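Asks: okay, sequence plus prediction incoming.
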Amino acid sequence: MCVSTKLHPRSALAVFSLIIINKAGGLIYQREFQAGLRKLSTNDYLVLAGTFHGVHAITRSITPKLPLQNTASPVASSPGTSAPTTSGFSYPNPGVPVSGLEYLETDKFRLTCFQTLTGTKFLLFTDPMTGSVETIVNKIYELYADYVMKNPFYQLEMPVRCEAFDRHLGAWLRGRT
Amino acid sequence: MSYYFTILSPTDTPIFNIAFGTSKGGGDGIARFRFPDTAQYMNQFIIHSSLDIVEEAQWTNGGMYLKHVDTYPPAAAYISAFLTPSGARFLLLHQPPQLPSGNASLGSSSLLGASGSTTRTSSSSVAANPTSPQTEEAVRQFMNEIYESYVKSAMSPFYKQGMEIRSPVFRSKVTAAGKKWL
Amino acid sequence: MAAPRHSAMLSISNASTPQSTSSDKTQVQQPQSPAGTSGLRVPSNRKTIYDRHLNRSRNAELSRASFAYLFGEMVSYAQRRVTGIQDLEKRLNEQGYPLGLRLLDLLFYRATSTSSSALSSSSTSSSPPNRPLRILTLLHLIHGPLWRLLFQRSADALEHSVSPDTPNEYMITDNEPLVNTYISVPREMSMLNCAAFVAGIIEGVCDGCGFEAKVSAHNQPTEMWPSRTVFLVRFGDSVMEREKVLERAGVK
């Protein structure tokens, strides 16, 4: 368990950092998993979280809609769709709520955003070559559900300061590399 | 045979009591104590006076069933005790039926009692001899069955230790166990 | 919150059995008791608690998540209007105590009835387990059977205090208390250990058996076991005196 692993300088499985944003756009958790990342000040992280929250909201509202065929018009506006569909248009997949930004890729890193049903967002910064990011995100969500949400001392929407979460997150990510 | 059964909480509060008679050998399950006028409070008195002995036996005998612990000769009362691990005490007073020769002293109820007792004394196991191994075994089975019902009562979230057990279902369970074993 | 519920219950019991309300004072929180004489309310399947077998749920499994949420709520509940960590631990302890008393009876019942059904007539062979008379038997009971009943495994260590000043202190160690699995105590409350609840259960068991004791839970993390907890059991003087008498008498 407590083996101190030597970090590969650029591991193919590298997870750089994790940010958790609450549903109001506040930063509640931030952690780096790689040495040698450029440090941002706490304030910058807060700004980053708030900015991303806004960008995410924008991307959600600019999701393009497709014009409807006339035949399907009365049934198309299914109640599951969150957006108020103007009569002639609908989202490509009406049953699924609009998700907004999910990936952001550059040649240096890849940002994955995972939003829970309650509106909490997990931002994971990984190496662009990293595969199966979804597994990582799901596991992080699971650890969050276990060690943050089941902790009676955690107050909802407040910064996450749960020692057990840190410990298990670190151990699991170390075990992967 | 007539029985008086009581449960005492760890703090010596009576939480349940019942009087009943044997159902073996043609008994009708109705208690007929030797001194019916005073039985009601004498039984309680006799049972509680055995508590000292129970408390002594409690720390030398680790079993839950302590068997026959005390006798009160004037009323021919025998007392058997069972201790639950959590400190509740089940005490059973049993009084063998009076032999036909000695029942002259009794009044109105003696006729009924005598007619029953002739059949009962002839029956083999429980009735005749309160200290025989058969009786001990029957009482043990009886106590074990009560213990099961008691645990069920105690596990109820509405039950706090030391509270009186009022459930009529519990009472009927005790009656049934008495019918079955005693 | 409690007041309207109680008054609602009162009005129900008033309506159903007006004669019984005046006689008993403590019956407000016991809804089944007013029906004691008449009108007993039985579940629709006619199965009261007395008809259900106590061993039915013996090997049943409970969702760890639901327990974690429940326990989390219990901690939050205990945390309301407490004055400090000690107060909070005391409340958790009090929540566990009645559980210990109950578990004790259940534990013995199950130990008795496993080898042979309690209801079968030919069960002369099995001898039920003995009530603990000596401290060590009691502690082994807690360390083994009780822990297995609660957590499906034995506790990790049982020690006697090495200090000659405190011969009445015993330690039971659990490397990973189930109740603390998902709990991270904030740094400003670092002395707190929510396993005080389990300590309360142990205290209930000790008291139930007639061993007056105070039990407290203490953090003793190691690198390997960050949530390692030591339950310190301190027996009262009367227990120690009796222990000496029993030892002389050769009681096991």
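Replies: Done, it's in.
Asks: mind telling me what element the residue most central in space within chain B is part of?
Replies: Chain B has B:Leu92 as the residue nearest its centroid, 2.7 Å off, counting by Cα atoms, centre = their mean. Under the criterion DSSP states H and E, the helix or strand holding B:Leu92 is strand B:89-95.
Asks: got the phi/psi numbers for the closest residue to C:Phe231 other than its chain neighbours?
Replies: Leaving aside its chain neighbours, C:Phe231 sits nearest to C:Ile172 (4.4 Å; criterion: Cβ to Cβ, 6 or more residues apart in numbering or on different chains). In this view, the C-beta of every residue, glycine as well, is placed from N, C-alpha and C. In this entry, C:Ile172 is assigned phi and psi values of phi -110, psi 130 (degrees, to the nearest 10).
Asks: burial count for C:Ile172?
Replies: For C:Ile172, the number of neighbouring residues by other Cβ atoms under 10 Å in any protein chain shown comes to 24.
Asks: what residues are up against it?
Replies: When contacts are counted by Cβ atoms under 8 Å, 6 or more residues apart in numbering or on different chains, C:Ile172 is found next to C:139, C:142-143, C:155, C:157-158, C:202, C:230-231, C:233.
Asks: now B:Leu66: phi and psi?
Replies: B:Leu66 has phi and psi values of phi -90, psi 10 when expressed as degrees, to the nearest 10.
Asks: mind checking pLDDT for the residue nearest to C:Phe231?
Replies: C:Ile172 is assigned a predicted lDDT (pLDDT) of 95.
Asks: need the pLDDT of the residue lying closest to C:Gly96 once chain neighbours are set aside.
Replies: Distances taken as Cβ to Cβ, 6+ apart put C:Gly200 closest to C:Gly96, at 2.6 Å, once the chain neighbours are dropped. At C:Gly200, the model reports a pLDDT of 96.
Asks: try the one 3 residues further on
Replies: In the prediction, the pLDDT value recorded for C:Glu203 is 95.
Asks: after the strand or helix carrying it, which helix or strand is next?
Replies: In this structure, C:Glu203 sits in helix C:196-208 according to DSSP H and E. The C-terminal neighbour of helix C:196-208 among helices and strands, as given by DSSP H and E, is strand C:213-219.
Asks: mind listing residues that contact that following strand?
Replies: Outside strand C:213-219, the residues that reach it (Cβ under 8 Å, 6+ apart) are C:89, C:93, C:177, C:190-191, C:193-196, C:198-200, C:202-203, C:206-207, C:227-236, C:239.
Asks: that one vs helix C:196-208, what angle?
Replies: Per axes from the mean of the first three to the mean of the last three Cα atoms, to 10 degrees, the angle that strand C:213-219 makes with helix C:196-208 is 160 degrees.
Asks: what strands flank strand C:213-219, and is each parallel or antiparallel?
Replies: strand C:229-235 (antiparallel) (DSSP bridges).
Asks: contacts for the partner strand?
Replies: Residues outside strand C:229-235 that contact it (Cβ under 8 Å, 6+ apart) are C:135, C:139, C:166, C:168-174, C:177, C:180, C:193, C:195, C:198-199, C:202, C:206, C:211-220, C:243.
Asks: how about stretch C:137-153?
Replies: Identification of contacts with stretch C:137-153 by Cβ under 8 Å, 6+ apart yields B:62, C:103, C:106-107, C:110-111, C:130, C:132, C:154-155, C:158, C:170, C:172, C:174, C:178, C:198, C:201-202, C:205-206, C:209, C:211, C:233, C:252.
Asks: what about the longest helix in the chain?
Replies: With no chain named, the answer covers chain A. Among all segments of chain A classified by DSSP state H, the helix with the greatest residue count is helix A:42-61.
Asks: wrong chain, I was asking about chain C
Replies: Secondary structure of chain C per DSSP H: the longest helix is helix C:85-115.
Asks: what angle sits between it and strand C:213-219?
Replies: Interaxial angle, helix C:85-115 versus strand C:213-219 (the same axes, to 10 degrees): 110 degrees.
Asks: and helix C:85-115, what does it pack onto?
Replies: Secondary structure elements in contact with helix C:85-115, counted by 3 or more Cβ pairs under 8 Å, 6 or more residues apart in numbering or on different chains; DSSP states H and E, are helix B:133-155, helix C:64-79, helix C:147-151, helix C:196-208, strand C:213-219.
Asks: list the buried ones in the second one?
Replies: So that's helix C:64-79. Residues C:68, C:71-72, C:74-75, C:78-79 are the ones in helix C:64-79 that count as buried (16 or more other Cβ atoms under 10 Å in any protein chain shown).
Asks: now do the third one
Replies: Of the residues in helix C:147-151, those scored as buried under the neighbour-count criterion (16+ other Cβ under 10 Å) are C:147, C:150.
Asks: before we move on, what about the longest one?
Replies: If you call a residue buried by 16+ other Cβ under 10 Å, then helix B:133-155 has these buried ones: B:135-155.
Asks: lowest average confidence, helix or strand, in chain B?
Replies: helix B:110-122 (a mean of 41; mean pLDDT, DSSP states H and E).
Asks: got any ranges where chain B has weak pLDDT?
Replies: Across chain B, residues meeting the criterion (pLDDT under 70) sit at B:98-128.
Asks: what about the strands in it?
Replies: Per DSSP state E, chain B carries strands over the ranges B:2-8, B:14-21, B:65-72, B:77-83, B:89-95.
Asks: buried subset of the contacts of C:Ile172 as a ChimeraX selection?
Replies: The ChimeraX selection below is limited to those of the contacts of C:Ile172 classed as buried (16+ other Cβ under 10 Å):
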select /C:139,142,143,155,158,202,230,231,233
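Asks: between the contacts of C:Ile172, which sits nearest chain B?
Replies: Within the contacts of C:Ile172, distances to chain B taken as Cβ to the nearest Cβ reach their minimum at C:Ile142, with 12.2 Å.
Asks: for that closest one, give me the pLDDT.
Replies: At C:Ile142, the pLDDT value in this model is 93.
Asks: wait, is it part of a strand?
Replies: No: applying DSSP: H, G, I helix; E, B strand; the rest coil, one finds C:Ile142 to be helix, outside a strand.
Asks: distance of it from B:Arg34?
Replies: For C:Ile142, the distance to B:Arg34 under the criterion Cβ to Cβ, to the nearest Å works out to 47 Å.
Asks: same question for A:Leu143.
Replies: Here A:Leu143 is placed at a distance of 74 Å from B:Arg34 (Cβ to Cβ).
Asks: and C:Ser190, by the same measure?
Replies: When distances are taken as Cβ to Cβ, C:Ser190 and B:Arg34 turn out to be 69 Å apart.
Asks: next one: C:Arg242
Replies: From C:Arg242 across to B:Arg34, the span is 39 Å (Cβ to Cβ).
Asks: neighbour count: those two, which is higher?
Replies: In this view C:Arg242 and B:Arg34 are compared by other Cβ under 10 Å, and B:Arg34 has more residues nearby, 23 against 20.
Asks: now the more buried one: phi and psi?
Replies: Comment: the main-chain dihedrals of B:Arg34 come out as phi -70, psi -40, following degrees, to the nearest 10.
Asks: hmm, it is touching B:Gln95, no?
Replies: Yes: taking contacts as Cβ atoms under 8 Å, B:Arg34 lies within contact range of B:Gln95: 6.4 Å.
Asks: which residues are common contacts for these two?
Replies: What both B:Arg34 and B:Gln95 touch, as defined by Cβ under 8 Å, 6+ apart, is the set B:75-76.
Asks: ramachandran coordinates for the closest residue to chain C within chain B?
Replies: Using Cβ to the nearest Cβ, the point where chain B gets nearest to chain C is B:Gly62, with a distance of 3.2 Å. Note on B:Gly62: backbone dihedrals following degrees, to the nearest 10 are phi -80, psi -10.
Asks: and it, how far from C:Pro129?
Replies: From B:Gly62 over to C:Pro129 the distance is 9 Å, taken as Cβ to Cβ.
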